[in-house]
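1. prediction below, plus the sequence it came from.
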Amino acid sequence: MSCGSGASYDAAHSVENRRLAWHANAQKKGHFVLYRMFLVYKALAGALHRYVRPLFLFCALLFLHVLTTIGMLLDYVFFPALAKTKIVRPIIVVGNPRSGTTVLQRFLVDNGFGTGSRLWKMLYPSLTLQVLLKPFLPLLERISPARHHAHAAHKTSLTAIEADDPGILFRYFDGFFLYGFFLSFSKEDLKDMFDPEKRDTARRDFDWHEKLWRRVLVSEKKDRIVAKIFSLGVRIPQSLQRFPDAKILYTIRDPMETVPSGLSLVTGVLDGQFGFWKLPEARRNHFIARLYSAFLDLSLRFHNHYTTGKIPMDKFKVVTFNRLMQDFDNLMFEIVDFVGALRTPELERAIRETAEKQRQFKSGHAYDLARFGLTEERIRKDYAPIYQTFFSN
């Protein structure tokens, strides 16, 4: 080896060592909320040239954290039923975004299987605060980021039953939504910060979900929770250890449909907030590549747990999107038995009526893979294990 090539090797090796040391340091510091805020500020300042607005957001979240903590202590004074409320036999809907999770969760909630978390109650989880803020909901709705969702793809509002993932974002400024909406802009790839094998926040997150769900049951006067958690796909085994009587419904859909639909959903919200599609092409492509990789990880991590026997099948059921749309009645009768719900004439009628609507439904949302720099060949290659296991027929 020549001196020149040896020097080049040493330089490259030094750069790689610094990169690995930086990532290890980021994972360690990632446990601190102020550090996560610093990373988001750095990402938004660099990619979007937003320097002041994030600071107001951080101050508001820190103030909300303190206010919520005080309010949740007062809950035990003003809502004595809270102390006796337990989480029993929760139903948890899991799956990648745009795989049918919303349709399934909202049907279960609307038809008496249990209740789910409303977006505004995740933002203000204290029952005491909710009583004070409820009269102001119409005003809060006008400034809510939820208004930027394309309703053809996903109709939502502050009062809608929604995924529980935002609850972790609001409380800890952490989790899948933090990476998906903000840190995917970062120059450094920070995905490892959210890898449960490298930085495990399961105990903290499950503790918070349980606190929030107990309050939801009290406020909605129900006795069973129907949650929806996208990020649970990477730690279903841990969730069943924490909630051993839970029933998991995992929705799955052709990645050719979920990938562009999920990317469209996130970039649509960012476009409404920050003008995403007006950003330079290189910056847009950088973000989309990071988010695509995160979606892929959610699927492949779940697939690994599913195919290696780490998920107990008596507590887990796969719900395919095709059956959700074309065989809804038979599928739902299976789910009724699986979750141990009571099969009533009213429920049977609702199932059959919904099944007919599902068979006739035509999506009003079209997606262009090229807009996201993707091809059918790439998606089929990247998601090959998913296709082989769930779509081989």
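-> Received, thanks.

2. alpha carbons only: can I get the helix or strand hosting L140 in CSV?
-> Assigned by DSSP states H and E, L140 belongs to helix 137-142. The C-alpha atoms that make up helix 137-142 are tabulated as CSV, following Å, rounded to 0.1, in the frame of the first residue of the first chain:
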residue,chain,number,x,y,z
LEU,A,137,-62.7,23.5,21.4
PRO,A,138,-64.1,25.4,18.4
LEU,A,139,-61.4,28.0,18.7
LEU,A,140,-58.7,25.4,19.2
GLU,A,141,-59.9,23.5,16.1
ARG,A,142,-59.2,26.6,14.0
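
3. skip ahead from it and say which helix or strand is next.
-> Later in the chain than helix 137-142, the nearest helix or strand by DSSP H and E is helix 165-172.

4. off-centre distance for the host helix or strand of T128?
-> Assigned by DSSP H and E, T128 belongs to helix 127-133. Distance of helix 127-133 from its chain centroid, counting by C-alpha atoms, centre = their mean, to the nearest Å, is 25 Å.

5. any regions of the protein where pLDDT drops low?
-> Residues of the chain that meet the criterion pLDDT under 70 lie in 1-30, 144-156, 363-365.

6. redo that, cut-off 50
-> 1, 15, 19, 22, 148-149, 151-154 (pLDDT under 50).

7. ok, now which ones touch the residue most central in space within it?
-> Central residue of the chain (C-alpha atoms, centre = their mean): F230, 3.7 Å from the mean position. Listed by C-beta atoms under 8 Å, 6 or more residues apart in numbering, the contact partners of F230 are V94, G95, N96, P97, T101, A163, D165, F176, L298. Where C-beta positions appear, they are placed from N, C-alpha and C, glycine not excepted.

8. which one of these sits closest to T375?
-> T375 has its nearest neighbour among those in N96, at 19.3 Å by C-beta to C-beta.

9. show me what contacts the closest one?
-> Neighbouring residues of N96 by C-beta under 8 Å, 6+ apart: F230, G233, I252, R253, T258, G262, F295, L298, S299.

10. the fourth one contacts F321, doesn't it?
-> The reference is to R253. Yes. When contacts are counted by C-beta atoms under 8 Å, R253 is listed as touching F321 (3.5 Å).

11. any residues in contact with both of these two?
-> Common contacts of R253 and F321, defined by C-beta under 8 Å, 6+ apart, comprise S99, G100.

12. looking at the two, which one has more neighbours?
-> R253 (24 against 20; other C-beta atoms under 10 Å).

13. measure the more buried one to Y179 for me?
-> The span separating R253 from Y179 equals 22 Å under the rule C-beta to C-beta, to the nearest Å.

14. how about residues contacting stretch 157-167?
-> With contact meaning C-beta under 8 Å, 6+ apart, stretch 157-167 is reached by 101, 105-106, 109, 115-120, 122-123, 125, 137, 140-141, 144, 146-147, 156, 175-177, 208-209, 212, 227-231.

15. which of those fall in helices?
-> Among the contacts of stretch 157-167, DSSP state H puts 101, 105-106, 109, 119-120, 122-123, 137, 140-141, 176-177, 208-209, 212 in helices.

16. please pick the buried ones from these.
-> For the ones in helices among the contacts of stretch 157-167, a neighbour count by 16 or more other C-beta atoms under 10 Å gives the buried set as 101, 105-106, 109, 119-120, 122-123, 176-177, 208-209, 212.

17. now, which of these sits nearest D368?
-> Nearest member of those to D368, counting by C-beta to C-beta, is T101, at 23.3 Å.

18. what about P312, how many neighbours?
-> By other C-beta under 10 Å, neighbour count at P312 equals 12.

19. returning to that earlier point: could you dump the contacts of F230 to a markdown table with distance to V336?
-> Putting the contacts of F230 into a markdown table (distance: C-beta to C-beta, whole Å) gives the following:
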| residue | distance to V336 |
| --- | --- |
| V94 | 19 |
| G95 | 19 |
| N96 | 25 |
| P97 | 26 |
| T101 | 18 |
| A163 | 23 |
| D165 | 26 |
| F176 | 30 |
| L298 | 28 |
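
20. which residue ranges of the stretch 251-393 of the chain form strands?
-> Under the criterion DSSP state E, counting those that start in this stretch, the stretch 251-393 of the chain carries strands at the ranges 316-320.

21. isn't P125 up against K211?
-> Yes. Under the criterion of C-beta under 8 Å, P125 makes contact with K211 at 7.3 Å.

22. neighbour-wise, which of those two wins?
-> It is P125, of P125 and K211, that has more neighbours when counted by other C-beta under 10 Å, with 26 against 17.

23. wait, what's in contact with that one?
-> Going by C-beta under 8 Å, 6+ apart, P125 touches T68, M72, G167, R171, K211, L212, R215.

24. from those residues, pick the one nearest H303.
-> Of all these, H303 sits closest to G167, with 26.0 Å by C-beta to C-beta.

25. give me the distance between that closest one and T258.
-> 23 Å.

26. do the same with V66
-> Applying C-beta to C-beta to V66 and T258 gives a distance of 38 Å.

27. ditto for N285
-> Distance of N285 to T258, computed by C-beta to C-beta: 20 Å.

28. and those two? Which one has more around it.
-> Set side by side, N285 and T258 show more neighbours around T258, with 24 against 13, by other C-beta under 10 Å.

29. check which element follows the helix or strand that contains L73 along the chain.
-> In the assignment (DSSP H and E), L73 maps to helix 53-78. Next along the chain after helix 53-78, taking DSSP H and E as the criterion, comes strand 91-94.

30. okay, now the sheet partners of that following strand, with direction.
-> Using DSSP bridges, strand 91-94 pairs in its sheet with strand 226-228 (parallel), strand 247-252 (parallel).

31. so V40 touches R50, yeah?
-> No. Checked against C-beta under 8 Å, the pair V40 and R50 is beyond contact range at 10.2 Å.

32. more neighbours: those two, which one.
-> Shown here are V40 and R50; by other C-beta under 10 Å, V40 has more neighbours (22 against 16).
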